[in-house]
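> coordinates only, sequence not included:
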C-alpha cells in the first residue's frame, strides 16, 4: 500500500499566503506595510476573512499593526525565528571552515556575531596549545573584541565614532584610547579584507579577523583567530590573508555569488594556499 501524504491545513496555507504578501518585494515602500483592503484584493479574498486572519497572526507576534497607519507588517516573532534559523545555519556551515583554519595556522579560531554593542562568540575551535580560554556563548563589548573590527567594517564612520566614544565613556578597560585606531582598523578591513588588532581579553598577543557575508552581501559574522605568541608583523599579515580567504570561501558557502565574492578586498601579501574541503565537508546542506 502506498504511503498516504499528510493533508495540508487550508487555514495554514491561507495564513502563509498573507505572510508572503506582507514580505513584499524587498522595495523600500514595503517597509510601511499594507492595508487590509489591499491584502484582500491581492489575494482575491473577503476583507473580513483576511482581517480575522491578521488579528490572529498579530496575537501570535507573526505580524504587527501600525497604530497610526493601521497597516500590517511582518512581526517580531517571525524575525526572531528567522534570526535563530540563520544563526544555526551559520554555525553549521562554518564549522568545517573553522576546523581547516585551525589546522592550517594552529591558533584558536572563533566565529563571532554582533549583538547590539556586544560581540558574541558562537563557536571556538582550539589549537594544539595546552591552555584555552572558553569563549563560546560569551559576549564582550565590541570595542574590546578583535572581531568587532570586521563586524563593524560596513558601518558609517560617524556611527563607529559614536559607538567607540560611548564605550570609552563607560570606562571600559581598552587599549584603544580614541577612535583613530579603530577607524584605521576598519579602513584596513575595507581595503585588505582583514584587520590585525591587539587582544585585550586574554594573554594572546594579537587577534586577526575578517568579515563573513551572507547571500545578500551583508556582514553575517566574523572569523577570528587569537595568536598566542608574538610573530613578526609580516607573519601576522600572512595570517590575515588566510583568515580573509577563509571568510570569503565561507561567504560563498552561505550563498554569496562567486562573482560578488571576487569583488571583495583581497590581501596584498602572499599567503599559504588553503587545502580544499572535501565535498562532504564544504558546509553546504
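Yep, it's here. It should be emphasised that the depicted structure is a prediction, and the values quoted were computed from it without experimental measurement.
> how about the strands in this structure?
Counting by DSSP state E, the chain has strands at residues 63-65, 72-74, 108-115, 118-125, 139-141, 195-197, 206-213, 219-227.
> angle of the last one against strand 206-213?
Strand 219-227 runs at 160 degrees relative to strand 206-213, counting by axes from the mean of the first three to the mean of the last three Cα atoms, to 10 degrees.
> follow-up on the earlier one: Serialize the strands of the chain to JSON lines and add fields for mean neighbour count, mean pLDDT and distance to residue 239.
For every residue, glycine as well, the C-beta is placed using N, CA and C. Below are those laid out as JSON lines (neighbours: other Cβ atoms under 10 Å; pLDDT from 0 to 100; distance: least, Cβ to Cβ, whole Å):
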{"stretch": "strand 63-65", "mean neighbour count": "20", "mean pLDDT": "90", "distance to residue 239": "45"}
{"stretch": "strand 72-74", "mean neighbour count": "21", "mean pLDDT": "89", "distance to residue 239": "41"}
{"stretch": "strand 108-115", "mean neighbour count": "23", "mean pLDDT": "91", "distance to residue 239": "11"}
{"stretch": "strand 118-125", "mean neighbour count": "20", "mean pLDDT": "88", "distance to residue 239": "15"}
{"stretch": "strand 139-141", "mean neighbour count": "17", "mean pLDDT": "84", "distance to residue 239": "21"}
{"stretch": "strand 195-197", "mean neighbour count": "24", "mean pLDDT": "89", "distance to residue 239": "8"}
{"stretch": "strand 206-213", "mean neighbour count": "27", "mean pLDDT": "92", "distance to residue 239": "5"}
{"stretch": "strand 219-227", "mean neighbour count": "27", "mean pLDDT": "93", "distance to residue 239": "7"}
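> Would you state the helices of the protein in chain order?
Ranges of helices within the chain are 10-23, 36-43, 47-59, 76-105, 147-151, 157-169, 179-192, 233-253, 258-262, based on DSSP state H.
> Ok, which of the strands of the chain comes nearest residue 262?
Ranking these by proximity to residue 262 (Cβ to Cβ) places strand 206-213 first, at 12.6 Å.
> strands paired with the closest one, and their directions?
strand 195-197 (antiparallel), strand 219-227 (antiparallel) (DSSP bridges).
> and the direction of it versus that of helix 76-105, what angle?
Going by the same axes, to 10 degrees, strand 206-213 makes 130 degrees with helix 76-105.
> how many other residues sit next to residue 59?
As a burial measure, residue 59 scores 10 neighbours (other Cβ atoms under 10 Å).
> change the start of the numbering to 37 and stick with it
Sure thing, new numbering starts at 37, so read that last one as residue 95.
> gap between it and residue 206?
Noted for residue 95: a distance of 39 Å to residue 206, by Cβ to Cβ, to the nearest Å.
> And for residue 243?
With the distance defined as Cβ to Cβ, residue 243 ends up 21 Å from residue 206.
> Residue 83 too?
52 Å.
> Which of these two has more residues huddled nearby?
Taking neighbours as other Cβ under 10 Å, residue 83 and residue 206 compare with residue 83 leading, 13 against 10.
> Verify the stated contact: residue 184 with residue 157.
No - judged on Cβ atoms under 8 Å, residue 184 makes no contact with residue 157 at a distance of 11.8 Å.
> contacting residues for the closest residue to residue 178 other than its chain neighbours?
By the measure of Cβ to Cβ, 6 or more residues apart in numbering, the closest residue to residue 178 outside its immediate chain neighbours is residue 184, 3.9 Å from it. Counting by Cβ atoms under 8 Å, 6 or more residues apart in numbering, residue 184 touches 150, 155, 178.
> could you measure residue 184 against residue 233, distance?
Taken as Cβ to Cβ, the span from residue 184 to residue 233 is 8 Å.
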